[in-house]
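>>> Based on what follows, work out the 3D shape:
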Amino acid sequence: MWYGGLDVPNSWRVGDELYVGLRFHTKVDVEMAVKHYSMNAHQTFVVVESGLKVLSVRCPNSNEGCPWKLRASMSTKYNNKWVIKKWGGRHTCINIILSQDHNKLDSEFICSCILGNFIYTYFSEMVREDAFVSISLIQEIISGQFNYKVSYRKAWKEKQKAISRVFGDWANSYDLLPRMLECCPGSAYRLETTDYVSNNVVNTRFRKFCRVFWTFKPACHAFNYTKPIIQIDETFLYGKYRSTLLIATTQDGNARVLSIAFAVVDGYTTCKHNFTMRLEQFREISIEIRRWIDGISLEKWSLAHDDQGRRYGHMTTNLFEVVNKILKGARNLPITALIKCTYARLVEYFVQRIGQANAELAVGQRYCTKLMDAMQNNQEEATSHFVRRYDNEAARFEVEEAFNPITERGGHTSTVLLNERKCECGAFQAYRYSCSHVIVACAYVRIDPLTYVVAAHSNAYIK
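Below is the predicted model of the structure:
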């Protein structure tokens, strides 16, 4: 039978005694079995001999008469498998050192157990699917299996080793970075490094990583068919080397977030620090400079003054909060695995978006679901509005909302200019589709309100 990567031809199970003749694939398997046995017995052991072809261990109390010992070696008789050749029997001593931890429950052993299915078979899959497995969850799983409480530091080291074995080593990941970026046809990247200085001497064999930027060709092309907005924000990476991940995001007409560019930089770069310091220095030079900085055009940062609807109604960088959740697990990965994850998320985006757009077009739905839901809500509100037409040539209307005495809402009057695509409420310009005032005005002159919806909200555009 097989158990946790061990080739066990007989009926040995975890918790049973070890015995002469038991075979294992490798020396590591023997060490794992001995450690597992010792922890179940609440005992420990010392290594007498350890080589390429032999492993010998004994009880620390052997000098006091405890017979527990084990010797295993590689056997050519069994195709170079490891076989237990000597076995001293059960412990006759009592471990007087009581501890919530175990000196053999090290991070290497726990990591090997996890990836070798010694604990729960789903744990390695958990690491593969979501590298943001919490340390507390790891501690809970280890405690439940071995009845020992591992420290936070030991659990953290165990997690890093497991991630390294699944996704690759952190240091090697940086070495592979240039070649990996070159393997993305049509994509763009920029990798910046500096001289590696050791003992005040430049070591020409190595380079020091500074920052890297990358974007994929499909994302660049897709930006032409999204809302023309870009939001940039940052989040910290939680792997072995602490850096900051910058993500540029946009949004399609169906309010789905698309990541279009990425960068990994230092947490607080010198350029960012210098910019902040220089800006404050300029503000202190004179009142005129301070007024100029504070007088930057309101439409560049204020939604209320965005008369041309450049922001599509977005006030903050909340788009990134969605991406942050999606890439949460990726923030614990080596840098090459992180880049692969961003590519996988991009592929997932296109598969889902194109599939949904095609399905809606197949049933005759020209515009995306989010837009149709919003238009439906606006149309329901429009049924209670009163409209007056003031100018035929300019298509000017005055729309009065009905007052609701229960909610004490409504009663406002808005001017609609259809030819200029403007409504006094501001929603028409901001969101680029018909508000309730525009809908009732269109109904008055028998115009389809979808006429005033921009192409970014259409399924054909998203597709």
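>>> And for the nearest residue to residue 138 once chain neighbours are set aside, the neighbour number?
Excluding the flanking residues, the one nearest residue 138 by Cβ to Cβ, 6 or more residues apart in numbering is residue 155, at 4.5 Å. To be clear about C-beta, it is placed using only N, CA and C from the backbone, and glycine gets the same treatment. Neighbourhood size, residue 155 [other Cβ atoms under 10 Å]: 23.
>>> buried set for the helix or strand containing residue 155?
Applying DSSP states H and E as the criterion places residue 155 in helix 152-167. By neighbour count on 16 or more other Cβ atoms under 10 Å, the buried set for helix 152-167 is 154-155, 157-164, 166-167.
>>> With only the CA atoms kept, save that helix in PDB.
Taking C-alpha atoms only, helix 152-167 is exported to PDB below (Å, rounded to 0.1, in the frame of the first residue of the first chain):
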ATOM      1  CA  TYR A 152       4.000  31.400  14.200                       C
ATOM      2  CA  ARG A 153       7.500  31.600  12.800                       C
ATOM      3  CA  LYS A 154       7.800  27.900  12.200                       C
ATOM      4  CA  ALA A 155       4.400  27.900  10.400                       C
ATOM      5  CA  TRP A 156       5.500  30.900   8.300                       C
ATOM      6  CA  LYS A 157       8.700  29.200   7.200                       C
ATOM      7  CA  GLU A 158       6.700  26.000   6.400                       C
ATOM      8  CA  LYS A 159       4.400  28.000   4.200                       C
ATOM      9  CA  GLN A 160       7.300  29.700   2.400                       C
ATOM     10  CA  LYS A 161       8.900  26.400   1.700                       C
ATOM     11  CA  ALA A 162       5.700  24.900   0.400                       C
ATOM     12  CA  ILE A 163       5.100  27.800  -1.900                       C
ATOM     13  CA  SER A 164       8.700  27.600  -3.100                       C
ATOM     14  CA  ARG A 165       8.300  24.000  -4.000                       C
ATOM     15  CA  VAL A 166       5.000  24.500  -5.800                       C
ATOM     16  CA  PHE A 167       5.800  27.700  -7.600                       C
END
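>>> Check which residues of the helix or strand just after that helix are buried.
Downstream of helix 152-167, the first helix or strand assigned by DSSP H and E is helix 170-182. Under the neighbour-count criterion of 16+ other Cβ under 10 Å, helix 170-182 has 170, 173-174, 177, 181 buried.
>>> Export those residues to TSV and append columns for pLDDT and distance to residue 372.
Shown next, in TSV, are the buried residues of helix 170-182 (pLDDT from 0 to 100; distance: Cβ to Cβ, whole Å):
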residue	pLDDT	distance to residue 372
170	80	47
173	86	45
174	86	47
177	87	44
181	87	41
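>>> The residue nearest to residue 138 and residue 149: what is the separation?
10 Å (Cβ to Cβ, to the nearest Å).
>>> Need the overlap of contacts for these two.
residue 139 (Cβ atoms under 8 Å, 6 or more residues apart in numbering).
>>> So what touches stretch 239-251?
160, 163, 170, 223, 226-227, 229-237, 257-268, 312, 314, 319-320, 323, 327, 331-334, 338.
>>> err, stretch 407-414, not the other one
So stretch 407-414 is contacted by 384, 398-404, 423-425, 437 (Cβ under 8 Å, 6+ apart).
>>> Which of these scores worst on pLDDT?
Lowest pLDDT of the contacts of stretch 407-414: residue 404, 78.
>>> What's opposite that one in the beta bridge?
Per DSSP bridges, residues listed as beta-bridge partners of residue 404: residue 409.
>>> what's the answer for residue 214, then?
Bridge pairing for residue 214 - DSSP bridges - gives residue 189, residue 262.
>>> what residue lies at the spatial centre of the protein?
residue 327 (1.6 Å; Cα atoms, centre = their mean).
>>> Surely it is in contact with residue 346?
No. The criterion here is Cβ atoms under 8 Å, and residue 327 misses it with residue 346 at 11.2 Å.
>>> what separates residue 20 from residue 279, distance-wise?
Residue 20 is 76 Å from residue 279, by Cβ to Cβ.
>>> returning to that earlier point: show me just the buried residues among the contacts of stretch 239-251.
Using 16+ other Cβ under 10 Å as the burial test, the contacts of stretch 239-251 include 160, 163, 170, 223, 226-227, 231, 233, 235, 237, 257-265, 312, 314, 319-320, 323, 327, 331-334, 338 as buried.
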